[in-house]
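>>> structure here, sequence nowhere to be found:
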């Protein structure tokens with residue numbers, strides 16, 4: 001029996017350039033500023049990448065491989081929890097499509113090959129909007145948002 005798969009797509013418009021958006025995703029020192037993590041790789045097809053918590057512990061939380069890279073317009077990676085790295089079925093795919101729009105960028109993040117109902121599928125539906133909002137804020141204002149903020153009680 002095959003597993004039911006799902007995908008998640010998020011589109012945002014950022015007052016920036018494709019080069020700065022691509023750099024924000026791929027440069028560890030920039031990603032740290034809005035994500036609280038560093039994306040570490042040499043960004044060559046076939047290379048591994050790691051999503052490392054930007055704190056004293058430097059925990060590797062996510063892992064994957066670089067599938068496709070065309071700076072500054074496209075990046076495709078595989079994505080899995082580090083704890084599931086040895087299970088090929090646990091990997092999903094993330095595509096960053098960066099398109100110039102006059103004086104801004106349309107960033108489309110497509111996270112697919114996700115098992116429907118899985119913890120990863122649920123987590124990214126909350127995670128991507130927060131991370132990409134922080135990316136937008138960081139590139140437009142110089143400050144990311146608090147990714148660990150909680151809703152205020154009524």
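Received the coordinates, thanks. Please read all numbers here as calculations on a predicted model, not as lab measurements.

>>> mind giving me the packing neighbours of the helix or strand residue 64 falls within?
Per DSSP states H and E, residue 64 falls inside strand 60-70. Contacts defined by 3 or more CB pairs under 8 Å, 6 or more residues apart in numbering; DSSP states H and E place strand 60-70 against strand 48-53, strand 74-81. C-beta here means a position set from N, CA and C on the backbone, and glycine is covered the same way.

>>> what residues sit buried inside the last one?
If I follow you right, that is strand 74-81. Under the neighbour-count criterion of 16 or more other CB atoms under 10 Å, strand 74-81 has 75, 76, 77, 78, 79, 80, 81 buried.

>>> mean confidence for it?
The pLDDT scores in strand 74-81 average 97.

>>> export the buried residues of strand 74-81 as CSV, with columns for distance to residue 15.
Formatted as CSV, the buried residues of strand 74-81 follow (distance: CB to CB, whole Å):
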residue, distance to residue 15
75, 20
76, 25
77, 25
78, 30
79, 27
80, 33
81, 33
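
>>> out of those residues, who's nearest residue 53?
Closest approach to residue 53 among the buried residues of strand 74-81 (CB to CB): residue 81, at 13.0 Å.

>>> right, and the closest one touches residue 123 too?
No: applying CB atoms under 8 Å, one finds residue 81 not in contact with residue 123, separated by 9.2 Å.

>>> before we move on, back to that, of all the helices and strands packed on strand 60-70, which lies closest to residue 5?
Among the helices and strands packed on strand 60-70, strand 74-81 comes nearest to residue 5, with 13.9 Å by CB to CB.

>>> so how far is the closest one off the chain centroid?
How far strand 74-81 lies from its chain's middle: 8 Å, per CA atoms, centre = their mean, to the nearest Å.

>>> packing partners of it?
Applying 3+ CB pairs under 8 Å, 6+ apart, we find strand 74-81 packed against helix 18-26, strand 60-70, strand 92-101.

>>> pick the most deeply packed of the ones you listed.
helix 18-26 (a mean of 20; mean count of other CB atoms under 10 Å).

>>> so which elements touch that one?
When contacts are defined as 3+ CB pairs under 8 Å, 6+ apart, helix 18-26 packs onto helix 28-35, strand 74-81, strand 92-101, strand 104-115, helix 119-141.

>>> mean neighbour count, the ones you listed: which tops it?
Comparing those on average neighbours per residue, with mean count of other CB under 10 Å, the densest one is strand 74-81 at a mean of 20.
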